[in-house]
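*Asks:* Curious how this folds, go ahead:
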Amino acid sequence: MTVRRSAATLAATAAVLCAAAAPVAVAAPSPSPSAALPAGLYGTKDPTYDGVWRQSMAFLAQRLEGVTPARKSVDWLIGQQRANGAYAAFRPDVSKPCDAKTVLDTNATAAATQALVEVGGHRDIVNNGVRWLKSVQNEDGGWGYTAGAPSDANSTSLVIGALARQGQRLADITTPGGKTPYDPLLALAIPCGGKDGGAFAYQPDKKGKLTANADATAAAVLGTMGKAMAVGNNAAGKAPACHPGSGLTPEQAAQNGAHYLVGALAGSGHLNQAPMPGATDTTPQPDFGNTADAVVALSASGHQDEAAGAITWLKKNSTDWAGQNGPAAYAQLILAAHATGNDARDFGGVDLVARLNAAGPAPAAVVTPDPSADTGYEATEKDQVHSGDDVIGGVWWYIGIALVLAAIAFFLISGRRKNRQL
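*Replies:* Below is the predicted model of the structure:
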């Protein structure tokens, strides 16, 4: 998951009309002038293709660092949601009805859902987004960039993170054919052996061939582990290994992906951008965003020690990149720092949190977290609660209700005993 897919890629994506679930190919909307940017939006660049995404990424990173976003920023993100629960990449005028140019986006919806869970207090908005995401699940169990588009590793993994963070039990989210969200990811996993063994493909090509994609692999490691984008500081505990054969479990596929990422980062300490179609200059260029995502994936899968070289490289080289790309870039670096126990307020001498905060309205509150305490939350299969569509908060919500009921029962029983004694 880089800062955002290029405008050219998004323009080629099939669109989904608000009035229908079937995808319809239309041209992407023309960029809106930066002068018309809403007051609550993070960043200063044209938001046509990444408005909701960069806002959501900013919130995810800020909440990890004890920052509460401004009310108007949260209200802007909430206001971008359609009545059916879906988000487009950006809607410049939410008062206007949805039309043929409004592309409903699973990536934006999943990111916004995860962000609003972290912000807290928006249960209905989150549940509405989850309902829409579940309603557009493909027959193979996954999701494409838009409803009905072929499943891809990145979109499926993002949606898995949103569902998990809301409290859904992923194994119970099945298609009529019995497919779960893990199935399409496992189908995109490249078997061990060879230089690309363990990697994930973004999608199969027209002949069904799988080509390793580092961007998709970093996303799919989180997806096959049932985790959201914001992960906690995980101590290293596993040696990277690639599990051979077919019939892999999601956990084994995640470990295979981590094994591939370790090899891809070896030597240079960073991943490279895939060349754009038709490009004449194929000189490898560092991919800062994907390197940060790989760091998060390695930490989440128990290989934080293997991410040390990449973190060192990012500290030395990512400042200019983040400054040019804005809020989402700063957020990616903060997520990587947090996942590996590094100080995001002194990341190679740069205060990433301050720079992210400065990219939007002044935060409502800033509390510097205790570095010895891990505030990240990991949603895993064992602690997810199947909540249908309308419960958020997980097991602690139920425990709280149980304690209240137990207290009421205690007082009732005590009262009856006293009456009998009288």
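
*Asks:* Give me the below-cutoff pLDDT ranges for the stretch 251-400 of the chain.
*Replies:* 277, 370-400 (pLDDT under 70).

*Asks:* what's stretch 249-266 in contact with?
*Replies:* Identification of contacts with stretch 249-266 by Cβ atoms under 8 Å, 6 or more residues apart in numbering yields 182, 185-186, 189-190, 192, 195-200, 212, 214, 217-218, 220-222, 224-226, 238, 240-243, 248, 271, 291, 294, 297-298, 301-303, 306-307, 309-310. To be clear about C-beta, it is placed using only N, CA and C from the backbone, and glycine gets the same treatment.

*Asks:* could you redo the last one with a cut-off of 6 Å?
*Replies:* 182, 186, 189, 198-200, 214, 217, 220-221, 224-225, 240, 242-243, 271, 294, 298, 301, 303, 306, 310 (Cβ atoms under 6 Å, 6 or more residues apart in numbering).

*Asks:* which stretches of the chain form strands?
*Replies:* 15-16, 23-24, 67-68, 271-272, 286-287, 365-366 (DSSP state E).

*Asks:* What strands line up against the last one, and which way round?
*Replies:* Here strand 365-366 is paired, per DSSP bridges, with strand 67-68 (antiparallel).

*Asks:* Quick one: mean pLDDT for the partner strand?
*Replies:* Averaged across strand 67-68, the pLDDT comes to 98.

*Asks:* any residues touching it, and which ones?
*Replies:* With contacts defined as Cβ under 6 Å, 6+ apart, strand 67-68 is touched by Pro363, Ala364, Ala365, Val366.

*Asks:* which among those residues end up buried?
*Replies:* Neighbour counting by 16 or more other Cβ atoms under 10 Å classes Pro363 among the contacts of strand 67-68 as buried.

*Asks:* farthest pair in the contacts of strand 67-68?
*Replies:* Using Cβ to Cβ, the pair of the contacts of strand 67-68 lying farthest apart is Ala364 and Val366, separated by 8.7 Å.

*Asks:* Same list, the contacts of strand 67-68, but as a markdown table with distance to Gly144 please.
*Replies:* A markdown table is the format used below for the contacts of strand 67-68 (distance: Cβ to Cβ, whole Å):
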| residue | distance to Gly144 |
| --- | --- |
| Pro363 | 35 |
| Ala364 | 36 |
| Ala365 | 38 |
| Val366 | 38 |
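
*Asks:* Among the contacts of strand 67-68, which one sits closest to Gly278?
*Replies:* Among these, Pro363 lies closest to Gly278 (Cβ to Cβ), at 42.6 Å.

*Asks:* what about the closest residue to that closest one other than its chain neighbours, how many neighbours?
*Replies:* Closest residue to Pro363 apart from its sequence neighbours, by Cβ to Cβ, 6 or more residues apart in numbering: Val67 at 4.9 Å. Val67 is flanked by 22 other residues according to other Cβ atoms under 10 Å.

*Asks:* And for Asp124?
*Replies:* 11.

*Asks:* where does the residue most central in space within the chain land on pLDDT?
*Replies:* In the chain, the centroid-proximal residue (Cα atoms, centre = their mean) is Met229; its distance is 3.8 Å. Here the pLDDT value assigned to Met229 is 97.

*Asks:* cool, Asn234 as well?
*Replies:* In this model, Asn234 is scored at 77, pLDDT.

*Asks:* Now stretch 184-204: buried residues?
*Replies:* In stretch 184-204, counting by 16+ other Cβ under 10 Å, buried: 184-192, 196-203.

*Asks:* What are the contacting residues of stretch 288-300?
*Replies:* 1-3, 214-215, 218, 221-222, 227, 231, 234, 258, 261, 270-271, 306-307, 310-311, 318, 321, 332-333, 335-336, 339-340.

*Asks:* Could you list which of those belong to helices?
*Replies:* By the criterion of DSSP state H, membership of these in helices covers 214-215, 218, 221-222, 258, 261, 310-311, 321, 332-333, 335-336, 339.

*Asks:* which residue ranges form the helices in the stretch 251-400 of the chain?
*Replies:* Residue ranges of the helices in the stretch 251-400 of the chain, as given by DSSP state H, counting those that start in this stretch, are 288-300, 308-317, 319-325, 327-339, 352-358, 395-421.

*Asks:* Correction: the previous question concerned the stretch 101-250 of the chain.
*Replies:* Under DSSP H, counting those that start in this stretch, the stretch 101-250 of the chain gives helices at 106-119, 123-135, 153-166, 182-187, 214-224, 250-265.

*Asks:* Run through the residues that contact Pro69.
*Replies:* Neighbour list for Pro69: Phe59, Gln62, Pro363 [criterion: Cβ under 6 Å, 6+ apart].
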